[in-house]
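**Q** 3D model of this:
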Amino acid sequence: YFFSDGQKHDPVDEFDKKWMRESIVRMSELFLDNNELELNDFSEADLLHDVWPFLYRAFKNKEVRASLGERTSGAVALARNEHRGLEAREKRSRKAIGAKLDIVFKIGYNEHGSCEVGKDDVTVADDKYLDDDLIKLPKTLRDMLVLLVQKNPRKINNLLTVGFLVMGLCMELVIMDVPVGQHIARITKTARFEFPSSIETMTIDFLPFLEITWKGKQAMKMVHKTMNDRKRKITELVVDSSDIVPSLAYSFYHKSA
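**A** So this is what the prediction gives:
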């Protein structure tokens, strides 16, 4: 604690070092009064701001912006409203809103990732884990990836979106990409890392969190650079459907009444 607290780093040129130092200090402060971490009566907001603040503070230098507080995803909203249009015989369905996410990561107006936070430590068989990890987060990341691909279809196999899944004291990094072809997306994950629950495991358990958070941020920056490496669009009218580059499809959603 005292060693980390005594380090000084330039807040601009050495932002990542400053972030790591502050993260270690804040984590150490959780154990100043007790050698064991007590999370009784912690809400999801308490977890995010007391235990996991390093996750969103890694994005404080504005390269990638972290928007907190049940944010709606524009990508998911577009996916849910993909089939809306001018009505002919049937009444137009109401516009659906995007999924509410605990954190949305953006560079400019482009969504590059999201974070889901749950307050309970759950197993891989629990409903909360199945819904957020196997359904909500992957579908959200795919819809975000669709919009990135639309910006630069030729780079589809070099683009990806990044997700963080937090369940109680556990976190894992999730990546969505299209490794080959143009239609099938792949989801890959790290192992589930557990937050140090006692002062004895601080050094071995906390560093992996800093590593996967930093790697996730670097991946977003790399993808944004790749997405912008494109040719200007042709201004001629498209008359042949074969000239249209196939695009990655949105996730499936139940049609609202």
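
**Q** Check which helices and strands the biggest helix by length in the chain is in contact with.
**A** Longest helix in the chain, counting residues (DSSP state H): helix 202-227. For helix 202-227, the packing partners by 3 or more Cβ pairs under 8 Å, 6 or more residues apart in numbering; DSSP states H and E come out as helix 15-29, helix 53-57, strand 100-107, strand 110-118, helix 137-151, strand 160-167, strand 170-177, strand 193-194. Using the backbone N, CA and C atoms, a C-beta is placed for each residue, glycine as well.

**Q** What ranges in the stretch 101-250 of the chain fall below the confidence cut-off?
**A** Where the stretch 101-250 of the chain drops to pLDDT under 70, the residues are 120-134, 234-247, 249-250.

**Q** 90 instead, please
**A** 101-102, 116-137, 139, 143, 150, 167-169, 181-184, 196-204, 230-250 (pLDDT under 90).

**Q** picking that back up, list the buried residues of the longest helix of the chain.
**A** For helix 202-227, burial by neighbour count (16 or more other Cβ atoms under 10 Å) applies to 202, 205-206, 209-210, 212-213, 216-217, 219-220, 223-224, 227.

**Q** tilt between that helix and helix 137-151?
**A** For helix 202-227 against helix 137-151, the angle by axes from the mean of the first three to the mean of the last three Cα atoms, to 10 degrees is 30 degrees.

**Q** So what sits opposite the residue nearest the centre of the chain in the bridge?
**A** Per Cα atoms, centre = their mean, the C-alpha nearest to the average position across the chain is that of residue 114, at 2.4 Å. For residue 114, the beta-bridge partners are residue 104, residue 163 (DSSP bridges).

**Q** thinking it is in contact with residue 106, fair?
**A** No: with contact defined as Cβ atoms under 8 Å, residue 114 does not count as touching residue 106 (10.0 Å).

**Q** hmm, back to that, how much space separates the residue nearest to the centre of the chain from residue 103?
**A** 6 Å (Cβ to Cβ, to the nearest Å).

**Q** and for the two, which residues touch both?
**A** By Cβ atoms under 8 Å, 6 or more residues apart in numbering, residue 114 and residue 103 have these common neighbours: residue 164.

**Q** Kindly provide the distance from residue 177 to residue 7.
**A** Here residue 177 is placed at a distance of 36 Å from residue 7 (Cβ to Cβ).

**Q** who has more neighbours, those two?
**A** Higher neighbour count among residue 177 and residue 7: residue 177, with 20 against 14, using other Cβ atoms under 10 Å.

**Q** With adjacent residues omitted, what lies nearest to the more buried one?
**A** Nearest residue to residue 177, sequence neighbours excluded (Cβ to Cβ, 6 or more residues apart in numbering): residue 160, at 3.9 Å.

**Q** The one you found: neighbour count?
**A** Counted with other Cβ under 10 Å, the neighbours of residue 160 add up to 24.

**Q** Contact partners for it?
**A** Here residue 160 is in contact with 145, 175, 176, 177, 219, 223 (criterion: Cβ under 8 Å, 6+ apart).

**Q** try 6 Å this time
**A** 175, 177, 223 (Cβ atoms under 6 Å, 6 or more residues apart in numbering).

**Q** Averaged pLDDT, stretch 7-19. What do you get?
**A** The pLDDT scores in stretch 7-19 average 84.

**Q** Give me the distance from that stretch to the chain's centre.
**A** 24 Å (Cα atoms, centre = their mean, to the nearest Å).

**Q** cool, and stretch 147-158?
**A** On Cα atoms, centre = their mean, the centre of stretch 147-158 falls 18 Å from that of its chain.

**Q** got the end-to-end distance for it?
**A** End-to-end span of stretch 147-158 (Cα to Cα, to the nearest Å): 14 Å.

**Q** before we move on, the earlier item: out of the helices and strands packed on helix 202-227, which is closest to residue 44?
**A** Among the helices and strands packed on helix 202-227, strand 110-118 comes nearest to residue 44, with 5.0 Å by Cβ to Cβ.
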